[in-house]
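J.: This is the structure alone, sequence omitted:
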């Protein structure tokens, strides 16, 4: 990991024992860095939603029409007899 800074994080003794291995420390450092600073990476769900919106825009729907459809769908679900709301 280039351009890293050592920090002190309190952990339980068992975790400290695991982190005594340099490979584990490096792996945890990468994980923490990705969680705290995702660098613009989107989740797979966000990617799927973006692709879906791009497809419906390509088909000619506007954001307002998409929002109206979502609102109608959500309203139908809330008012259905099987709804637990």
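T.: On my side now, so go ahead. All of these numbers come straight from a predicted model, not from anything done at the bench. Numbering: from 1, shown residues only.

J.: going forward, measure contacts and count neighbours with C-alpha atoms only.
T.: Will do.

J.: pLDDT of stretch 9-28, averaged?
T.: Averaging pLDDT along stretch 9-28 yields 92.

J.: what's the spacing between the residue nearest the centre of the chain and residue 49?
T.: By C-alpha atoms, centre = their mean, the chain has its centre lying nearest to residue 43, at 4.2 Å. Residue 43 sits 10 Å away from residue 49, going by C-alpha to C-alpha, to the nearest Å.

J.: now do residue 25
T.: 35 Å.

J.: what's the answer for residue 31, then?
T.: 25 Å.

J.: got it, and residue 75?
T.: Separation of residue 75 from residue 49 (C-alpha to C-alpha) stands at 20 Å.

J.: swap in residue 67?
T.: As judged by C-alpha to C-alpha, residue 67 and residue 49 stand 13 Å apart.

J.: before we move on, what about residue 78?
T.: Using C-alpha to C-alpha, one gets 22 Å for the distance from residue 78 to residue 49.

J.: got it, and residue 79?
T.: As defined by C-alpha to C-alpha, residue 79 lies at a distance of 25 Å from residue 49.

J.: again with residue 3
T.: Separation of residue 3 from residue 49 (C-alpha to C-alpha) stands at 34 Å.

J.: Give me the more crowded residue out of these two.
T.: A side-by-side neighbour count of residue 3 and residue 49, using other C-alpha atoms under 10 Å, places residue 49 first with 12 against 4.

J.: what residues are up against the more buried one?
T.: For residue 49, no residue meets the contact criterion (C-alpha atoms under 8 Å, 6 or more residues apart in numbering).

J.: Which strand or helix spans it?
T.: According to DSSP states H and E, residue 49 maps onto helix 44-58.

J.: Give me the angle between the very next helix or strand once past that helix and helix 44-58.
T.: Using DSSP H and E, the helix or strand that directly follows helix 44-58 along the chain is helix 63-79. Here helix 63-79 runs at an angle of 120 degrees relative to helix 44-58 (axes from the mean of the first three to the mean of the last three C-alpha atoms, to 10 degrees).

J.: Thanks a lot, catch you later.
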